[in-house]
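Undergrad: what shape does this take:
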Amino acid sequence: MSGWVPALLLIGGAVLLMIGFNARMWRAHKALVQQRVDYGSGDFLEECRALGVSPEIAEALLAALRDHYPRELVPQPRDSLTAYLGLEPEDVEDIVARCWSVLGWERPDGRDPQQIPVMEEVGDIALWLEAQRHPFTPQADTDNA
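TA: Take a look at the predicted model:
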């Protein structure tokens, strides 16, 4: 056998594995969309509110997560970041950075970076952002009142 035949078989096998993986993911997404047929953005915002997250932060998070979900699927706070979305810590950092930008928060100084903890679920990001909100939210001047 020539050296090309094993290489072509190897490449063909890899292509077939990728097609199978993508088909499985597509079926999983379709099944999840069917389960969440009545779940919309308002439901996400309401569930975040029930967790104690402000509407501004929930809306910013919803917008930041759009790139990670199929168009017809709305995130839920209990969605796993790793198991369902397959996100790496760097992806979570990007989502947090987008949220900070949408919220108009001042970016942390590069000499004193913000430490982002490991988070398991979408709701964990919302709760962490809510905990970070107070240092970046303008406070009313109560000394002159």
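Undergrad: tell me which stretches of the protein form strands.
TA: Using DSSP state E, the chain contains no strands.
Undergrad: for the residue most central in space within the chain, which non-adjacent residue is closest in space?
TA: Centroid-nearest residue in the chain, with Cα atoms, centre = their mean: L65, separated by 4.3 Å. Once flanking residues are discounted, L65 sits nearest to P75: 4.9 Å by Cβ to Cβ, 6 or more residues apart in numbering. Where you see a C-beta, it was placed from the backbone N, CA and C, and this is true even at glycine.
Undergrad: and that neighbour, backbone torsions?
TA: phi -60, psi 160 (degrees, to the nearest 10).
Undergrad: residue contacts, it?
TA: Neighbour list for P75: 44, 61-62, 65, 69, 122 [criterion: Cβ atoms under 8 Å, 6 or more residues apart in numbering].
Undergrad: out of those, who's nearest G104?
TA: Taking Cβ to Cβ as the measure, G104 lies nearest L61 of these, at 14.6 Å.
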